[in-house]
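Student: below are the sequence and a predicted model for it; my questions follow.
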Amino acid sequence: MADVVPLALKLLYRQLGPVLLNDPKGCREHLLKICPEEAGEIEAVVAALELEIPQRLARTPDGRIPPGLTSRLVTERGIAAPMADLVVRSWASALRPEGPAAGSGASKPPASAPRAPPAPLAPLTPTRSSSPSPTLADLPGTATGWLDRGDALEPGGNALIGGEEVSKVECYRRALGLDPRMAEAWVNLGAALGGATGVTVAGQEVAERACYVRALELAPDLLPAWMNLGEALGPGERAKVGGSEVSSIDCYRRALAVDGRTPAAWLLLGLELGEADRADVGGNPLTRRDCLLRALELDRTSPDAWGALGEVLGAEGKVKVDEEEVDRLACYRKAVTLDPKDALYWTDLGASMEAEDGQVEVAGERVDRRTCFLRALAIDAGLPTAWSNLAEALGPDEVAEVGGTSFSGVKCVQKALTLDSRLPHAWITAAAILRPEELLRFGDRRYTRVDCLVQGLELDGTAEDAWADLAAVLGDSDTVVVGGQRLTREECARRAGGWHPSGRSQGPGLPRTSTSRPTPAPSSLAPSGKEVPPVSVAVRLAEEEPAGPFGDLEVAEALQSLCTKEGNGLLEDPAKFRLLMLGLCPGDRVTIDALTVGLEEQVPQRLDAAAQLPGSSSGADHTSALASLLETKRGLKAEEARWVVWAWGYALELRGFEVPGDPL
């Protein structure tokens with residue numbers, strides 16, 4: 001995550017206070033105003049707010065990060081684990097700027113070690129606020145007593161025990177103070193710490209991983225310790241246990257050696273293995289597919305296992321699960337049925353469907369590809385792969401409504417690129433749905449079909465269909481630069497594995513993308529391939545004439561619709577106006593910035609006032625005067641200034657204002 005977003009979040013919370021926690025929309029708008037180039041990171045911050053993660057942090061009086069918050073962002077919103085961890089820590093820093101810094105490890109739900117049932121406890125009343133906690137029984141005098149108290153508390157909860165307020169972490173710390181060889185307490189302390197900074201136990205500072213390692217030194221066959229250590233280790237990371245260095249894969253193998261019927265261990269092992277990797281379990285070299293099948297044999301209700309198996313099978317693969325033959329589509333149908341609130345599974349389901357599939361049944365309901373992507377966006381409107389796939393499903397002619405706004409295929413691509421400008425599928429899809437002479441507007445640039453394909457291939461040079469599409473649109477004497485190499489049409493065709501110039505009269509066809517975790521978008525996209533000059537003119541389809549050398553009638557229509565919907569309140573907040581307009585026209589930033597300048601200079605208010613004066617129906621003199629003001633005071637070019645004044649007049653027409661004559 002860019003450093004600017006956590007800093008902006010901290011400053012924003014200092015200004016607005018707890019009211020920010022109840023306003024995800026306002027949080028998004030304020031952050032976009034401060035750092036508009038970090039839309040992808042901001043969506044992750046807002047996703048945490050929608051899941052009430054900051055509220056959970058605010059109710060944790062000991063300044064720790066409760067376990068399970070990072071994993072919620074990963075599993076419920078499809079955010080990559082490193083990004084999710086940074087988001088949680090950013091919120092913790094914003095809420096408690098003077099508190100202890102969080103660690104870098106990912107938090108997870110507590111995994112209590114198996115043991116004999118504890119003796120009956122006095123009832124515990126966890127407290128989640130700063131209000132006084134009820135006084136309970138005397139402070140426990142044994143390690144087992146403190147362990148029981150910690151297990152009874154909810155994550156992040158505190159309780160008054162014997163007149164003293166203690167947290168879950170503190171309960172386990174005190175248990176270990178009385179019995180430092182209690183392996184179960186070490187496991188539970190690590191799980192309670194999660195990614196937070198360590199605590200002092202018996203004079204030593206220990207963090208999450210060290211707790212699991214200590215537990216395994218005391219009890220080498222403790223299953224929860226191996227599972228939790230595997231989850232705590234990131235890619236390429238290792239920990240030293242009993243004189244040997246272990247990776248996450250080693251941890252899951254050891255867990256299965258303890259109990260080979262643990263479905264979670266099989267699933268996590270499968271997720272860790274690469275395409276060509278093998279893991280030795282019980283003397284058998286197993287693939288990723290083998291592990292996932294074993295997980296499903298033990299637990300057919302795991303949406304994660306079904307989703308991962310669908311990804312492994314790909315477009316052509318089939319496999320038997322308990323005598324039932326399933327393909328990729330069937331796996332994603334099962335994942336969605338088991339977890340219909342996961343946007344990634346809906347996107348994967350739609351991406352696995354072909355146009356000829358029509359509709360498939362999910363939980364008793366018939367859905368088509370487009371419906372799948374719309375469902376995904378209803379759950380998480382910040383998922384770029386869902387926007388990109390919806391664009392491909394809509395094509396050049398159709399539109400769909402998302403959140404009360406109509407989106408064409410091109411607008412969906414623009415939205416996807418705004419969220420993640422390094423998504424290859426979005427660029428390649430843009431080339432597929434653009435008409436031959438149409439250009440894609442993104443940021444302050446415009447891209448031809450060739451430019452879009454080059455951008456996609458710069459990001460993913462293995463996309464054979466994109467190479468074929470590039471060969472299809474190049475002329476015999478044309479060349480293009482990809483990856484620093486200048487290529488002819490024939491060379492592009494060879495990279496596609498052969499190409500025949502037939503059957504592409506309606507534009508290139510493209511494979512849909514699966515929903516690997518979205519990559520955060522950079523602040524700017526470096527151009528590659530053909531040189532594209534920076535422009536501010538918007539490009540229209542051939543049958544739609546542009547409003548002039550600057551601006552776009554479509555933007556003026558969006559402005560008119562927004563004014564009608566929001567009323568006069570919109571004219572009082574230029575920052576809010578800009579954010580709302582960018583949501584409607586994400587690819588028209590330059591034009592919207594010019595309109596915002598007009599609002600800051602009160603162009604609409606002045607036009608409205610002029611319209612009320614006798615003899616001002618034409619508005620020609622006033623239009624000219626306002627345009628001159630924008631030129632001299634704000635530095636707009638003449639054509640930009642005239643268009644801004646005209647567009648605001650056009651927008652106000654629905655409110656009884658007769659539009660000043662179109663200057664263009």
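Tutor: All right, it came through fine. Residues are numbered from 1 along each chain as shown.

Student: can you count the residues close to Asp593?
Tutor: 17 (other Cβ atoms under 10 Å). From N, CA and C alone the C-beta is placed, and that goes for glycine too.

Student: quickly find the element holding it.
Tutor: Following DSSP states H and E, one finds Asp593 within helix 589-600.

Student: same check on Leu160?
Tutor: Per DSSP H and E: strand 158-161 holds Leu160.

Student: same question, Cys492
Tutor: Using DSSP H and E, Cys492 sits within helix 489-495.

Student: between the helix or strand that that helix is followed by and helix 589-600, how big is the angle?
Tutor: Downstream of helix 489-495, the next assigned helix or strand under DSSP H and E is helix 553-566. If you take axes from the mean of the first three to the mean of the last three Cα atoms, to 10 degrees, helix 553-566 sits at 40 degrees to helix 589-600.

Student: just for this structure, where's the confidence low?
Tutor: Low-confidence segments of the chain (pLDDT under 70): 1-3, 60-64, 96-139, 162, 315, 355-357, 498-552, 610-622, 653-664.

Student: hmm, Ala651 is touching Val555, no?
Tutor: No - the pair Ala651 / Val555 is not scored as a contact, 9.9 Å apart, by Cβ atoms under 8 Å.

Student: for Arg366, which three-state class applies?
Tutor: Per DSSP: H, G, I helix; E, B strand; the rest coil, the local secondary structure of Arg366 is strand.

Student: just list whatever residues bridge to it.
Tutor: Arg366 has these beta-bridge partners by DSSP bridges: Glu361.

Student: now for it, how many residues are close by?
Tutor: 10.

Student: and the gap between it and Gln204?
Tutor: 60 Å (Cβ to Cβ, to the nearest Å).

Student: cool, and Ala257?
Tutor: Ala257 sits 29 Å away from Gln204, going by Cβ to Cβ.

Student: between these two, which is the more surrounded one?
Tutor: Using other Cβ under 10 Å as the criterion, Ala257 and Gln204 rank with Ala257 on top: 14 against 11.

Student: go ahead and name everything in contact with the strand or helix carrying the more buried one.
Tutor: If you go by DSSP H and E, Ala257 is part of helix 248-258. Residues outside helix 248-258 that contact it (Cβ atoms under 8 Å, 6 or more residues apart in numbering) are 221-223, 226-227, 229-231, 233-234, 237, 246, 262, 265-266, 268-269, 272-273, 277, 279-282.

Student: mind listing what's buried along that helix?
Tutor: 248-256, 258 (16 or more other Cβ atoms under 10 Å).

Student: same check on stretch 45-56?
Tutor: The neighbour-count check on stretch 45-56 (16+ other Cβ under 10 Å) flags 45-49, 51-56 as buried.

Student: ok, stretch 403-420 next?
Tutor: 407-420.

Student: can you put these in JSON lines and add secondary structure and distance to Asp469?
Tutor: Output for these, formatted as JSON lines (DSSP: H, G, I helix; E, B strand; the rest coil; distance: Cβ to Cβ, whole Å):
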{"residue": "Phe407", "secondary structure": "strand", "distance to Asp469": "23"}
{"residue": "Ser408", "secondary structure": "strand", "distance to Asp469": "20"}
{"residue": "Gly409", "secondary structure": "helix", "distance to Asp469": "16"}
{"residue": "Val410", "secondary structure": "helix", "distance to Asp469": "17"}
{"residue": "Lys411", "secondary structure": "helix", "distance to Asp469": "21"}
{"residue": "Cys412", "secondary structure": "helix", "distance to Asp469": "19"}
{"residue": "Val413", "secondary structure": "helix", "distance to Asp469": "15"}
{"residue": "Gln414", "secondary structure": "helix", "distance to Asp469": "20"}
{"residue": "Lys415", "secondary structure": "helix", "distance to Asp469": "22"}
{"residue": "Ala416", "secondary structure": "helix", "distance to Asp469": "18"}
{"residue": "Leu417", "secondary structure": "helix", "distance to Asp469": "18"}
{"residue": "Thr418", "secondary structure": "helix", "distance to Asp469": "23"}
{"residue": "Leu419", "secondary structure": "helix", "distance to Asp469": "23"}
{"residue": "Asp420", "secondary structure": "coil", "distance to Asp469": "21"}
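
Student: any idea which of those residues is closest to Ile34?
Tutor: Thr418 (16.6 Å; Cβ to Cβ).

Student: in this structure that closest one contacts Asp588, no?
Tutor: No - using Cβ under 8 Å, Thr418 makes no contact with Asp588, being 11.3 Å away.
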